[in-house]
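[1] below: sequence and its predicted model.
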Amino acid sequence: MDNFFTHYRCTQCGKEFEPTGLHYLCDVCSRDYKPGMPLLGVLEAIFNYPAIREAWLQQPDIRLFSAVNPQFYPPIPVGDTPLFMAPRLAESIGLPQLWIKNDALNPSGSYKDRASQIVVADAVQKGVEEIVAASTGNAASSLACIAASVGKKAVIFAPESAPPAKLIQIQVHGAKLNKVKGTYDDAFKAALDYSATHECICRNTGYHPLTVDGKKSAGLEIFLQSGKVPDWIVIPVGDGVILTGIHKAFMDLMHSGITDKLPRLLAVQADSSDAITSYWETGTYNDAAKPATIADSISVKTPALAHWAVQAITESSGKAIRVSDAEIQQAQLDLAQLAGVFAEPSSSATLAGLKKAVKMGLIPASAGMTSDNAIILLITGHGLKDTASVRSFD
Ligand SMILES: [Zn+2]
């Protein structure tokens, strides 16, 4: 398959970087970057969009938008997850129609496999043997899983408070686990420090530009599976990388002239981990004061992609909303009992956010009336990864 990736471009200053070589942040814009603040000078993968359009018209294939040639993909299949209707769930919140994209059905039980697939493929292409990542748990267990399929070494920095099932997953797949006495933000810095002194690729989310690009594949799949651009996609948001990836999918489709509209994005955050929501509301960035939520995957004080994520929400005419842990736990049961989907707390937050958005009138109850006007809940992690957070049944 031809590869249409042409170069990286800085999302802030527009400086261009060659497609080969290992690039993280723009050297100009990241001068003032220090761990503990949102990333500066994040790079975006740019493609030959007219050529993609030609190839797409011959044979639509989401791999046309891949920054790494699929010949380097790990052998373990990633993505191609189901998109299906959830009529009982729709009825329970007064919507005529509701769809679920269940990305918990990826190999490691998480959406993060999409980014890991591309970063590991990048390591295969470049002949790099070691990949390091900071994670709240899912990105790490994902990297451990995908790296194992090609025999690459995964080095993980994760908070020791991460759910036990995720820590076990990391070790079962043979990765080197460094438990960090601190938060995810501390782990992020530890992984950056490690990669500065070792010959490796750093998969820290948002920092490696192919993490955003890998995560766009779910958006491309939604378009191919439904044949349309949905009206709303509801996304759990921590660092903002999945949201940005989904937005980039539809931007890439627009740049290629394959679509002419964007889905509106509803960003859902836990109320104590709401830096992106506050930034979107006020236009001013501040860290989340004290993230403490059962939704560990979206528990972030300093979102890596705060700037790009807020831009994506705004460009999509989307909205951002907060939900409480109690609302998340109720939504987890509703998803399991009305749709048959056992999602981890972060993913259950999507349903909690949608319910609230409909109640507040942010999304009209008539939305989702036709497949031209669909609402899609993005489920990003499997509930079995964190059973301790499920509401007690006593
Ligand atoms: Zn720059």
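    Good, I have the coordinates.
[2] how many other residues sit next to residue 308?
    By other Cβ atoms under 10 Å, the residues close to residue 308 number 24. Just so you know, the C-beta spots here come from the backbone N, C-alpha and C atoms, and that holds for glycine as well.
[3] grab the nearest non-local neighbour of it.
    Spatial nearest neighbour of residue 308, excluding adjacent residues (Cβ to Cβ, 6 or more residues apart in numbering): residue 244 at 4.9 Å.
[4] quickly find the element holding that neighbour.
    In the assignment (DSSP states H and E), residue 244 maps to helix 241-255.
[5] so which elements touch that helix?
    In terms of contacts (3 or more Cβ pairs under 8 Å, 6 or more residues apart in numbering; DSSP states H and E), helix 241-255 is packed against strand 43-47, helix 49-58, helix 113-126, helix 209-215, helix 217-226, strand 232-236, strand 264-270, helix 306-315.
[6] the ion contacts on the stretch 1-150 of the chain?
    Counting by Cβ under 5 Å from the ion, the stretch 1-150 of the chain comes close to the ion at 10, 12, 13, 15, 26, 28, 29, 41.
[7] how about the helices in the stretch 51-200 of the chain?
    Here the stretch 51-200 of the chain has its helices, by DSSP state H, counting those that start in this stretch, at 87-92, 113-126, 138-148, 164-172, 184-197.
[8] what's the most buried one of those?
    helix 138-148 (a mean of 30; mean count of other Cβ atoms under 10 Å).
[9] mind listing what the residue nearest to residue 308 touches?
    Residue 244 is in contact with 206, 212, 215, 305, 308, 309, 312, counting by Cβ atoms under 8 Å, 6 or more residues apart in numbering.
[10] do the same with residue 199
    Contacts of residue 199 (Cβ under 8 Å, 6+ apart): 128, 130.
[11] kindly recompute the last result at 10 Å.
    128, 129, 130 (Cβ atoms under 10 Å, 6 or more residues apart in numbering).
[12] same question for residue 43.
    Counting by Cβ under 10 Å, 6+ apart, residue 43 makes contact with 7-12, 15-17, 23-26, 29-30, 207-210, 212-213.
[13] list buried residues within those.
    Buried residues within those, counting neighbours by 16 or more other Cβ atoms under 10 Å: 7-12, 17, 23-26, 29-30, 207-210, 212-213.
[14] so of the residues you listed, which ones are in helices?
    209, 210, 212, 213 (DSSP state H).
[15] make JSON lines out of those residues and add distance to residue 119.
    Formatted as JSON lines, these follow (distance: Cβ to Cβ, whole Å):
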{"residue": "209", "distance to residue 119": "10"}
{"residue": "210", "distance to residue 119": "5"}
{"residue": "212", "distance to residue 119": "11"}
{"residue": "213", "distance to residue 119": "10"}
